[in-house]
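J.: Below is the sequence, then the predicted model.
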Amino acid sequence: MVPEAEAQDVLDELQRLRARVPLLTGALAASTDGLVVAHDIPGVEAEGVAALTAAALGVSIRMADATGRGGFRELLIRGAGGYVATYAAGSSAVLTVLAEDRINVGRLHLEGRRAGARIGELVDAAQDRADRPVPPSRPQQPRDLPRRTTTPDAT
């Protein structure tokens, strides 16, 4: 989905996010259909989290639509041991973060939204480049073309 260079840029953003918010225990960027773009989630199966994120995203989109709340922006789940938050990241990706229970939720949202916007820009730009048709290659001309010779006028 995303070329290696852009996936590395996304991973760098995930790592910067975790550095800015020390109570985050993991961060993952995935396509909206559940494929991992990049992850920094030690001890957790990234592919499983990406697939579950896609399933939760589908339900969230339907819920927002059914209640007239507009397009999906974010989803917050609070469990006994902490939070799972998912943020829209452009038109074809999402950011999911895992956080400890004692995190400041306002800070989580602030940083998660910012990181989601940056990741969305990276992923959408990569998608745009991938979707652009490659211009057809020009046929190569033989290098040694015969030279035109002119014959003198027979006047």
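T.: Looks like it arrived, so ask away.
J.: Poorly predicted segments of this structure, please.
T.: 1, 133-155 (pLDDT under 70).
J.: what do you get if the cut-off is 50, keeping everything else the same?
T.: The chain contains no residues with pLDDT under 50.
J.: top helix in it by residue count?
T.: With secondary structure taken from DSSP state H, the chain has its longest helix at helix 105-131.
J.: tell me what it is packed against?
T.: helix 4-20, strand 24-31, strand 74-79, strand 82-89, strand 93-100 (3 or more CB pairs under 8 Å, 6 or more residues apart in numbering; DSSP states H and E). C-betas here are computed from N, CA, C, even on glycine.
J.: 6 Å instead?
T.: In this structure, helix 105-131 packs against helix 4-20, strand 82-89, strand 93-100, with contacts taken as 3 or more CB pairs under 6 Å, 6 or more residues apart in numbering; DSSP states H and E.
J.: Quick one: closest of these to Gly120.
T.: When the helices and strands packed on helix 105-131 are ranked by proximity to Gly120, the top entry is strand 82-89, at 4.0 Å, counting by CB to CB.
J.: chain center to the closest one: distance?
T.: For strand 82-89, the distance between its averaged C-alpha position and the chain's averaged C-alpha position is 14 Å (CA atoms, centre = their mean, to the nearest Å).
J.: Parallel or antiparallel, list what pairs with it.
T.: Partner strands and pairing direction for strand 82-89 (DSSP bridges) are strand 74-79 (antiparallel), strand 93-100 (antiparallel).
J.: At the geometric centre of this structure, which residue do we find?
T.: Nearest to the mean C-alpha position of the chain, by CA atoms, centre = their mean, lies Val123 at 3.9 Å.
J.: wait, what's in contact with the residue nearest to that one when sequence neighbours are not counted?
T.: Closest residue to Val123 in three dimensions, ignoring its sequence neighbours and counting by CB to CB, 6 or more residues apart in numbering: Ala93, at 4.3 Å. With contacts defined as CB atoms under 6 Å, 6 or more residues apart in numbering, Ala93 is in contact with Ala29, Ser31, Val123.
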